[in-house]
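J.: Quick one, fold the following:
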Amino acid sequence: EVQLVESGGGLVQAGGSLRLSCAASGFTFEFYAIGWFRQAPGKEREGVSCISVDDGSTSYADSVKGRFTISSDNAKNTVYLQMNSLKPEDTAVYYCAVQVGYGKPYDYWGQGTQVTVSS
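T.: So this is what the prediction gives:
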């Protein structure tokens, strides 16, 4: 069974840091990328960052550039999102998802982890 499990969320003060983890299991096929998304109450889901499984290339939303860093540990099938200098507007449920191929939609999603940043 394909599974993505996020962890590491919590409550932190503005300016603080958190590291999210996304553990992937059950994949019997190669996939293209893993991404982090977030959804705040009353807002649409937005892409935060993604990393290519093939070459490790990364991309970030403008709102998190310079503050968030995505990385992967292929041996552990885990992707991390290091979040520094957190702001109250970073408060959201964070999800990781798998993109099967280039240009394809993200078809596999985790259950999400709550990040709350207090001012």
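
J.: For burial, what's the neighbour tally of the residue nearest to residue 24 when sequence neighbours are not counted?
T.: Sequence neighbours aside, residue 77 is the residue nearest to residue 24 in space, at 4.6 Å (criterion: C-beta to C-beta, 6 or more residues apart in numbering). Where C-beta positions appear, they are placed from N, C-alpha and C, glycine not excepted. Residues contacting residue 77 under the criterion other C-beta atoms under 10 Å number 15.

J.: so residue 77 touches residue 23, yeah?
T.: Yes - counting by C-beta atoms under 8 Å, residue 77 touches residue 23, with 6.4 Å between them.

J.: helices and strands around the helix or strand of the chain with the lowest mean pLDDT, which ones?
T.: Confidence across the helices and strands of the chain bottoms out at strand 106-109, with a mean of 93, counting by mean pLDDT, DSSP states H and E. When contacts are defined as 3 or more C-beta pairs under 8 Å, 6 or more residues apart in numbering; DSSP states H and E, strand 106-109 packs onto strand 92-99.

J.: Cool, thanks, signing off.
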